[in-house]
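Peer 1: my questions are about this predicted structure, shown below with the sequence.
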Number of protein chains: 2
Amino acid sequence: MKELEDRIRAEGKALNEDVLRVDMFLNHQVDCRLMDRIGDEFARLFQEDGITRVVTIEASGIAPAAMTALKMNVPLVILKKSASVTLNSSVLQTEVYSFTKQNTYQLTLKGEYIRPGDRVLLIDDFLANGEAAFGASRLIEKAGATVAGIGAVICKAFQPGLEKLRNAGYKVEALAEITAMGEGFVRFAGEN
Amino acid sequence: MKELEDRIRAEGKALNEDVLRVDMFLNHQVDCRLMDRIGDEFARLFQEDGITRVVTIEASGIAPAAMTALKMNVPLVILKKSASVTLNSSVLQTEVYSFTKQNTYQLTLKGEYIRPGDRVLLIDDFLANGEAAFGASRLIEKAGATVAGIGAVICKAFQPGLEKLRNAGYKVEALAEITAMGEGFVRFAGEN
């Protein structure tokens, strides 16, 4: 998505090969018109996939996921990050390790909000190591549903998540695919 | 907002006078078409207030706040909940007590995303004791900006937040104003 790549080039701040600050339009301050167009683009990319629900993980994925759900005219389900295991049979949980925060959390879903037969589009702001996406997919599949697509606003394609998810058979689309990054520079797929 | 009151009546679950479960359309599963109309309604209610930024607190307020910011054509800023104090002079923080979770957190904002002169519309999913709204207002005012309006999707008007905020001089609008609530019943303002 050229508009997104242009924004990352103009405003994003690559600090090193791990950290790309985009909190001026995506994470902390949010450009909702850009989110609206991101929703259009995800809806277009997954229009043939029979999506019945959009799912995201709190909190940075909510704005783009909400716009996507609106455009696709399906409900949004927000997976929660809980510090502890919940002793309630209707609640599904799976442990996820965060490389960014270097801790683990219990990704949590009330089972009633994803049903067997659902075809889920998972949307998140970043895809890097894929831990969050694999965790969310485990939960969605525990609920008896199918992960019909995974959409990342920004993918660090030089980290293992994208390849691992595709090798596991998932359809993954990224709106900005970064192939290399370091202090002060970002290179996108298709660039020299 | 009649549509919202009807949804609360039809689907919400009042467990006692403190807890109204609306996680089937607002908190966990989100009806984004309803959020879209909520955005229209907040934009209408605050159209004369010269709003330059919409601010919310992660995570449940993000979907309605993003729709509101889109309709008003202004940026959204998401205040973060941090467990610890950040030692960074460009970061503003204030301590907030959560009655729901019975803990305190540091409400956190990078100062660059709210500027002196900004007229902020604060949007949240619930208004009850007003701790979160007062905390967010302290941060916004620390940044040199003005809280030009506060919009709650649902207000428990029998708890002290609404009156305290209005007594402090804030313009507060709630889309569903609950005047009494208990196991299995909810009463809205204007009803007998």
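Peer 2: Received, thanks.
Peer 1: residue A:125 and residue A:60, how far apart?
Peer 2: As for residue A:125, its distance to residue A:60 is 4 Å (criterion: CB to CB, to the nearest Å). For glycine as for every other residue, the C-beta is placed from the backbone atoms N, C-alpha and C.
Peer 1: which parts of chain A sit against chain B?
Peer 2: Contact residues (CB under 8 Å from any CB of the partner chain) of chain A with chain B: A:23-24, A:27-33, A:35-36, A:58-59, A:62-63, A:66-67, A:69-70, A:73, A:75-78, A:80, A:110, A:112-113.
Peer 1: before we move on, the earlier item: which one of residue A:125 and residue A:60 is surrounded by more residues?
Peer 2: Neighbours around residue A:125 and residue A:60, counted as other CB atoms under 10 Å in any protein chain shown, are more numerous at residue A:60. The numbers are 24 against 21.
Peer 1: need phi/psi at the residue lying farthest from the centre of chain A.
Peer 2: Seen from the C-alpha centroid of chain A, the residue lying at the greatest distance (CA atoms, centre = their mean) is residue A:87, 27.3 Å away. Torsion angles at residue A:87 (phi, psi; degrees, to the nearest 10) stand at phi -90, psi 80.
Peer 1: also residue A:187?
Peer 2: Main-chain torsions, residue A:187, degrees, to the nearest 10: phi -120, psi 130.
Peer 1: in which helix or strand would I find the residue lying closest to it once chain neighbours are set aside?
Peer 2: Counting by CB to CB, 6 or more residues apart in numbering or on different chains, residue A:180 is the residue found nearest to residue A:187 once chain neighbours are left out, at 4.3 Å. Per DSSP states H and E: residue A:180 is located in strand A:172-182.
Peer 1: what lines up beside that strand in the sheet?
Peer 2: In the sheet, strand A:172-182 lines up against strand A:146-156 (parallel), strand A:185-188 (antiparallel) (DSSP bridges).
Peer 1: need the contact list for the residue lying closest to residue A:63 once chain neighbours are set aside.
Peer 2: Distances taken as CB to CB, 6+ apart place residue B:66 nearest to residue A:63, at 4.4 Å, with adjacent residues excluded. Shown in contact with residue B:66 (CB atoms under 8 Å, 6 or more residues apart in numbering or on different chains): A:30, A:32, A:35, A:62, A:63, A:66, A:67, B:35, B:39, B:76.
Peer 1: recalculate using a threshold of 6 Å.
Peer 2: A:32, A:63, A:66, B:76 (CB atoms under 6 Å, 6 or more residues apart in numbering or on different chains).
Peer 1: any weak-confidence spans in chain A?
Peer 2: Applying pLDDT under 70 to chain A flags residues A:192.
Peer 1: sorry, back to before: the residue nearest to residue A:187 contacts residue A:186, doesn't it?
Peer 2: No. Between residue A:180 and residue A:186 there is no contact under CB atoms under 6 Å: 7.8 Å.
Peer 1: compare these two (neighbour count), which wins?
Peer 2: Legend: neighbour count by other CB under 10 Å for residue A:180 and residue A:186, higher for residue A:186 (20 against 15).
Peer 1: just to revisit the earlier point, so how far is the helix or strand hosting the residue nearest to residue A:63 from its chain's centroid?
Peer 2: Assigned by DSSP H and E, residue B:66 falls within helix B:62-72. Helix B:62-72 has its C-alpha centroid displaced from the chain centroid by 12 Å (CA atoms, centre = their mean, to the nearest Å).
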